[in-house]
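*Asks:* Provide a 3D model corresponding to the input given below.
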Amino acid sequence: MDLAVVDLSRLQFALTALYHFLFVPLTLGLSFMLVIMESIYVMTRRPIWRTITRFWGVLFGINFALGVATGITMEFQFGMNWAYYSHYVGDIFGAPLAIEGLMAFFLEATFVGLMFFGWDKLSRVGHLFVTFLVALGTNLSALWILIANGWMQNPVGSTFNPDTMRMEVTDFMTVLFNPVAQAKFVHTVSAGYVIAAVFVLGVSAFYMLKGRHIGFAKRSMTVAAAFGLAASLSVVVLGDESGYALTDNQKMKLAALEAMWETEPAPAGLTAFGIPSLRDHKTHYEVKIPYVLGLISTRSISKPVEGILELVATAETRIERGVLAYDAVERIKADPSDMTARADFEIHRNDLGYALLLKRYVADPRQATPEQVVQAAWSTVPNVPLMFWAFRIMAGIGFLMIGLFATAFVLCTLRKHDTRWFLWMAVLALPLPWISTELGWILAEVGRQPWAVEGVLPTFLGASSLTVSQLWGTIIGFTVLYGALAVVEVGLILHAIRKGPYAEQEAFPGTDNPTPPAAPAVA
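*Replies:* This next block holds a predicted model:
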């Protein structure tokens, strides 16, 4: 496989995934915020809450449409750019994607039209139920996608069949309840809820600064403050759970994001600052917080956390055992009735994927030199500086979000919505959660390299037989198309915000806005 083709295929998927993930989190969070807002309308019957729900529903709809469009393109890429990956693990990976389409996407598609056009055709409770089903479908969609992605990070409930030369499902319930997938789901949706809360808070703050739609903005800000505080606290707690999941399943990813080159004895400290060096395999100018990493990753102060150098040595051993599994597979291919070969394969089957790492350097892993084995073992180390700083920026923004929403909650409780320094802070904070979630995606996917499926299939073996020119053509095409769609998306959202929520009831005294109407001019 031409490595330029592999790198360009990875680049194309990364660009479309990062672009898609600009819209998905906002959809996840806004859907349940709409349920909260409409629930208040159903309980109070105050028209202002109907106006609030419909306004944020319009912005949800704009974002929802582009999220669906970009998501379909992503799924097509598994066939276009990653054909061998789809062949090798399609029996497992394809099932959650199919269920996502049948269960979640159809649910959304069925009820989203009723949500937008059924305000005057359904009862208040009936319309609220429809809105809830849209929110449920949106979040179920994320669940099934993250079950598929979680399996790539921790391929449980499956095994390699030497007769078909493919991975096959052995226990689908184990795939569904994969601890990595469950941790990723709750962490990801919580991040989406934070994005939606920041979006509502920022737009409401903009209205407050402009002196427009004050009653609408105060109520929206109050909902966003409470929802966002709960979500931001959840992100940190559930992120801790994701860190714990790495200890058993992705030790190299954990060591890389901590730039921990050597195994640190218990209790391991967390590096708050440092400068990782790939040249001398050290992290310079380290500032450590004692005990923290041990508590997060092992839930104890007595267990060590393995470092990169030790994990590379472990990878060398697994590669050597994997070569024995590879040899057994080749013997089975030559003679399917060779029971000795099958017995040898069963002994080393869990290390077969490590032998495949050698195919980057030699056609037949059995012919690899000791130097190539070492080279393949070091290829299991992801980009340490990128991992190290992506994690710290992501985590730093997460704690900033807690501070932002805690402040918002206090000010809304004290009815000091119009505190100008905070309103400016809320507007300026708008891009931060998006930056954090994009970095989280990079952390998850770059940290898995060089694996398409952890310990099973190297990324460079999964790509389709395309040419460099074909890939550049599609990358440029997608970039132009998505750039145009981004302009349309942002333009529509800004137009809707400028147009305002149509809150006619705010213009009259004694309802939701204490400002009386202007007196008529006297001729």
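*Asks:* so where is the stretch 1-150 of the chain shaky, pLDDT-wise?
*Replies:* 1 (pLDDT under 70).
*Asks:* what are the ranges of the strands in it?
*Replies:* With strands called from DSSP state E, counting those that start in this stretch, the stretch 1-150 of the chain shows none.
*Asks:* Please apply the same query to the chain.
*Replies:* Read by DSSP state E, the chain holds these strands, from start to end of the chain: 158-161, 166-169, 270-277, 282-289, 451-453, 457-458.
*Asks:* Which one of those lies nearest to E75?
*Replies:* strand 451-453 (15.7 Å; Cβ to Cβ). All C-beta atoms are positioned from the backbone trio N, CA, C, and that covers glycine.
*Asks:* what's around A225, how many residues?
*Replies:* 26 (other Cβ atoms under 10 Å).
*Asks:* residues in contact with it?
*Replies:* 197, 201, 405, 408-409, 411-412 (Cβ atoms under 8 Å, 6 or more residues apart in numbering).
*Asks:* would TSV of those with pLDDT be doable?
*Replies:* Below are the contacts of A225 laid out as TSV (pLDDT from 0 to 100):
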residue	pLDDT
A197	96
L201	96
F405	96
A408	96
F409	96
L411	95
C412	94
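*Asks:* with those residues in mind, which one is nearest to D351?
*Replies:* A197 (45.5 Å).
*Asks:* The closest one and M221 touch, don't they?
*Replies:* No: judged on Cβ atoms under 8 Å, A197 makes no contact with M221 at a distance of 10.0 Å.
*Asks:* shared neighbours of the two, which are they?
*Replies:* Between them, A197 and M221 share no contacting residue, judged by Cβ under 8 Å, 6+ apart.
*Asks:* follow-up on the earlier one: out of the strands of the chain, which comes closest to L143?
*Replies:* Of all the strands of the chain, strand 166-169 comes closest under Cβ to Cβ, at 18.2 Å.
*Asks:* Other residues contacting that closest one?
*Replies:* The contact list for strand 166-169 (Cβ under 8 Å, 6+ apart) reads 87-92, 95, 155, 157-161, 175, 453, 456-457.
*Asks:* So how do I select the buried members of these in PyMOL?
*Replies:* Buried members of the contacts of strand 166-169, defined by 16 or more other Cβ atoms under 10 Å, are picked up in PyMOL with:
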select buried, resi 88+89+90+92+95+155+157+158+160+175+453+456+457
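*Asks:* which stretch among the strands of the chain comes nearest Y361?
*Replies:* Going by Cβ to Cβ, the one of the strands of the chain nearest Y361 is strand 457-458, 11.4 Å.
*Asks:* So which elements touch the closest one?
*Replies:* Contacts defined by 3 or more Cβ pairs under 8 Å, 6 or more residues apart in numbering; DSSP states H and E place strand 457-458 against helix 83-99, helix 352-356, strand 451-453.
*Asks:* contacts for the second one?
*Replies:* This points to helix 352-356. Contacts of helix 352-356 (Cβ under 8 Å, 6+ apart): 160, 315, 318-319, 321-323, 325-326, 329, 365, 376, 451, 453, 455-458, 461.
*Asks:* now do 6 Å
*Replies:* 318-319, 322-323, 325-326, 365, 455-456, 458 (Cβ atoms under 6 Å, 6 or more residues apart in numbering).
*Asks:* Out of the contacts of A225, the closest to K333 would be?
*Replies:* Of the contacts of A225, the one sitting nearest to K333 (Cβ to Cβ) turns out to be A197, at 55.3 Å.
*Asks:* re earlier: L146 is nearest to which of the strands of the chain?
*Replies:* Short answer: strand 451-453, nearest of the strands of the chain by Cβ to Cβ, at 15.1 Å.
*Asks:* Pull up the pairing partners for the closest one, direction included.
*Replies:* strand 457-458 (antiparallel) (DSSP bridges).
*Asks:* From the chain's centroid, how far away is the partner strand?
*Replies:* 21 Å (Cα atoms, centre = their mean, to the nearest Å).
*Asks:* List of residues touching it?
*Replies:* By Cβ under 6 Å, 6+ apart, strand 457-458 touches 88, 356-357, 450.
*Asks:* Let me see the backbone angles for the closest residue to L411 other than its chain neighbours.
*Replies:* With sequence-adjacent residues excluded and distances taken as Cβ to Cβ, 6 or more residues apart in numbering, L411 is closest to T419, at 5.5 Å. The phi and psi values for T419, taken as degrees, to the nearest 10, are phi -70, psi 110.
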